[in-house]
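> What would the 3D arrangement of this be:
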Amino acid sequence: MEAGPSTRKTIASVDRALRLLFIVAAASDGITAKVIARRLDANLSTTYHLLHTLTDRGLLVRLPESRGYGIGYGSVELHNGLNRQLSVTPEIADLVRRVHDQARAAACFAVFREGQIVIAYVAESPAYPMPPPLDVGFSDAPHSTAFGKVMLAHMPERDRARLIDVCGIAPVTDKTVSEVPALEAQLAAVRSDGIAVELEEFQTELACLAAPVRRSGSVIGAIAVGTRPASMLRRRDELENVVRCAATQASYAVSHADRLTQLA
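Presented below is the predicted three-dimensional model:
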């Protein structure tokens, strides 16, 4: 998704090149320079200069048979870099995909990043989609999501108060817990149970369940599933078992990776 406009001072040529990348990414595999120039609101000569630069850097590819341009293989390194920074190792990604398959529900992995609770990885399918805006990079309203509650529950009290102050706890739906005492009581139950469940607190017709991922005893993330409320209520035990097992395995994978790093 293309980022919105910023009020900060920017470099126009860089901004235009990045907008061009988002245009190509949003298109089907093959978009011509003329179409890009029109959507970019730039002349064709400038557009070609940008296209050649980005192609040389591997971020775009020139497709055969006059199909235009597509996203280049150099972008994979950006994607891999983001995954590394979000702690999405191949083992974690595989676990989340297995949760999706076993639970027959959309699944995600969330982490702490720069004082926020952020979705780092999503596993979904046409049969079991993750409803928007729940996608990689989503960090809003943690008080209303199951993975957000898991991670809020295990934050130091001062850090949790700061995050709640920044994000607020305004109601997202008419079922959102939006008073601090009630939220704190709910988070205490999450710490005790080791699991968080929310029914339509973030979005109507959506229910989520999440369990914590730990590193050396500290919660560093959460694995969650999302499905319809009726399915959650009917399959609660099954879904909880899948998510708890995956979170335990993810905790082991994270800790094992740390030990290997220390030995290297």
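> In the stretch 101-250 of the chain, mark out all the helices, start to finish.
Under the criterion DSSP state H, counting those that start in this stretch, the stretch 101-250 of the chain contains helices at 146-153, 157-167, 180-193, 229-234, 236-263.
> Give me whichever of the ones you listed is most buried.
Greatest average neighbour count among those goes to helix 146-153 (a mean of 28), per mean count of other C-beta atoms under 10 Å. In short, each C-beta sits where N, CA and C put it, glycine included.
> got the CA coordinates for that helix in PDB?
In PDB, the C-alpha atoms belonging to helix 146-153 read as follows (Å, rounded to 0.1, in the frame of the first residue of the first chain):
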ATOM      1  CA  ALA A 146      -6.100 -10.700  21.100                       C
ATOM      2  CA  PHE A 147      -2.400 -10.400  20.200                       C
ATOM      3  CA  GLY A 148      -2.300  -6.900  21.500                       C
ATOM      4  CA  LYS A 149      -3.800  -8.000  24.800                       C
ATOM      5  CA  VAL A 150      -1.300 -10.800  25.200                       C
ATOM      6  CA  MET A 151       1.600  -8.300  24.700                       C
ATOM      7  CA  LEU A 152       0.100  -5.500  26.800                       C
ATOM      8  CA  ALA A 153      -0.500  -8.000  29.600                       C
END
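> what about stretch 161-174, distance to the chain center?
Mean-position distance between stretch 161-174 and its chain equals 19 Å (C-alpha atoms, centre = their mean, to the nearest Å).
> what does it rub up against?
115-117, 140-144, 152, 155, 176-180, 183, 200-204 (C-beta atoms under 8 Å, 6 or more residues apart in numbering).
> and the residue of the chain positioned farthest from its centre, helix, strand or coil?
For the chain, the residue at maximal distance from the C-alpha centroid (C-alpha atoms, centre = their mean) is S45, at 37.0 Å. S45 falls in the helix class when you classify it by DSSP: H, G, I helix; E, B strand; the rest coil.
> all strands for the stretch 51-200 of the chain, in order.
Along the stretch 51-200 of the chain, the stretches classed as strands by DSSP state E, counting those that start in this stretch are 60-63, 68-71, 106-113, 116-123, 196-199.
> Columns distance to H49 on top of those, output as TSV?
Shown next, in TSV, are those (distance: least, C-beta to C-beta, whole Å):
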stretch	distance to H49
strand 60-63	13
strand 68-71	13
strand 106-113	35
strand 116-123	35
strand 196-199	50
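> Need the winner for burial among the ones you listed.
strand 106-113 (a mean of 24).
> what's the angle from that one to helix 157-167?
110 degrees (axes from the mean of the first three to the mean of the last three C-alpha atoms, to 10 degrees).
> how about low-confidence regions in the stretch 1-150 of the chain?
1-8, 66, 83, 85-87 (pLDDT under 70).
> again, only this time at 90
Scanning the stretch 1-150 of the chain for pLDDT under 90 picks out the ranges 1-13, 27-30, 64-67, 73-90, 113-115.
> Which of the helices of the stretch 101-250 of the chain sits closest to V213?
helix 236-263 (4.5 Å; C-beta to C-beta).
> now that closest one: mean pLDDT?
Across helix 236-263, pLDDT averages out at 83.
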